[in-house]
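Got a predicted model here, sequence first, then my questions.
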Amino acid sequence: MDELDKKILRELQLDARQSFTKIAQKIKISTATVSDRVKRLTEKGIICGYTAILNTSELGMATMITRIKIKSGYSIEEVGEEIAKLEESCCIYHITGDFDLMVISKCPGQGNCGAVIEKKKEIEGVESVNSEIVLKILKEELKVTL
């Protein structure tokens, strides 16, 4: 990935709905170059998709952070894949420390977080679950500096 790819990615992070022509004009290259590079970045798995970013708090959703310890002899990746199947799971990280996984979940209302915790506990290979409910989101974005 070179500096031109980074410029294209920065533009897409700012507004993924803008046209390739608009991006090309901003960074002073051809539309075909933008198109070819976006295609290549997608094929490489650097661009994973495009989506609307929702204010989940305004939708009445609660954010929950859960740390999960996996039982000895179980695959962290396989247990993580099962947790990923839960519709409330947004992000799953393999982490260092006393726990193996950290999961960010969005629950349909704070009152439903308990049910989501129970779903996680029922997954084979889960030894323990430690969850916190976020009181207020101060910053939440996936945009990165390139």
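Noted; the coordinates are in hand.

can you give me the helices for the chain?
Using DSSP state H, the helices of the chain run over residues 3-14, 20-27, 31-43, 76-84, 113-121.

right, so of those, which gets closest to residue 140?
Closest to residue 140 of these is helix 3-14 (Cβ to Cβ; 14.7 Å). C-beta: built from backbone N, CA, C; applies to glycine.

pLDDT (mean, whole number) over the closest one?
For helix 3-14, the mean per-residue pLDDT is 96.

What are the buried residues along that helix?
5, 7, 8, 9, 10, 11, 12 (16 or more other Cβ atoms under 10 Å).

cool, and stretch 43-62?
47, 56, 61, 62.

okay, those residues in CSV with pLDDT next?
Shown next, in CSV, are the buried residues of stretch 43-62 (pLDDT from 0 to 100):
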residue, pLDDT
47, 97
56, 93
61, 96
62, 96
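
Show me the residue at the heart of the chain, geometrically.
Centroid-nearest residue in the chain, with Cα atoms, centre = their mean: residue 91, separated by 4.6 Å.

The nearest residue to that residue once chain neighbours are set aside: how many residues sit nearby?
Distance criterion Cβ to Cβ, 6 or more residues apart in numbering; nearest residue to residue 91, sequence neighbours excluded, is residue 104 at 4.1 Å. When counting by other Cβ atoms under 10 Å, one arrives at 16 neighbours for residue 104.
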